[in-house]
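S.K.: My questions are about this predicted structure, shown below with the sequence.
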Amino acid sequence: MLKVKTAALLATGLVVMMSSTAFAADGKALYTAKGCTACHGADAKSPIMPVYPKLAGQGKEYIMQQMKDIKSGARNNGQTAAMKGIMAGVSEDEITALAEYLSGL
């Protein structure tokens, strides 16, 4: 009985770890789920306002740094106000996944 309970716990833990890792690794799904399309466009190169950046094709490291700076407050100008709230709900793994996706567009 102990072996069955142990196996069930391990299986549950693996499913949870795999699903969160898979979600974090899917930058395209994150781009939509986090609401990025609302301002930056579904294609990441058609922002709703000219002052919003086109994200598609930017360098991965650059994108990551900008998101981290907005999240930490290091980048704090008038255009980052809306992003600050969004970035509060984005993890480090999700930042990486988003940057990988966007840089590959």
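M.R.: Nice, thanks for sending it over. Numbers count the residues shown, from 1 in each chain.
S.K.: The residue nearest the centre of the chain: helix or strand, and which one exactly?
M.R.: The residue at the geometric middle of the chain, judged as the C-alpha nearest the mean C-alpha position with CA atoms, centre = their mean, is Glu94 (3.6 Å). Mapping Glu94 onto the secondary structure by DSSP states H and E places it in helix 92-103.
S.K.: Against which helices or strands is that helix packed?
M.R.: Using 3 or more CB pairs under 8 Å, 6 or more residues apart in numbering; DSSP states H and E as the contact criterion, the neighbours of helix 92-103 among helices and strands are helix 2-25, helix 27-33, helix 60-72. Where C-beta positions appear, they are placed from N, C-alpha and C, glycine not excepted.
S.K.: Using CSV, write out every CA atom in that helix.
M.R.: The C-alpha atoms that make up helix 92-103 are tabulated as CSV, following Å, rounded to 0.1, in the frame of the first residue of the first chain:
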residue,chain,number,x,y,z
GLU,A,92,11.6,34.4,-14.8
ASP,A,93,10.9,31.2,-16.8
GLU,A,94,8.0,32.9,-18.6
ILE,A,95,10.2,35.9,-19.4
THR,A,96,12.7,33.5,-21.0
ALA,A,97,10.0,31.7,-22.9
LEU,A,98,8.5,34.9,-24.1
ALA,A,99,11.8,36.3,-25.2
GLU,A,100,12.7,33.1,-27.1
TYR,A,101,9.4,33.2,-28.9
LEU,A,102,9.5,36.9,-29.8
SER,A,103,13.1,36.8,-30.9
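S.K.: Alright, calling it a day.
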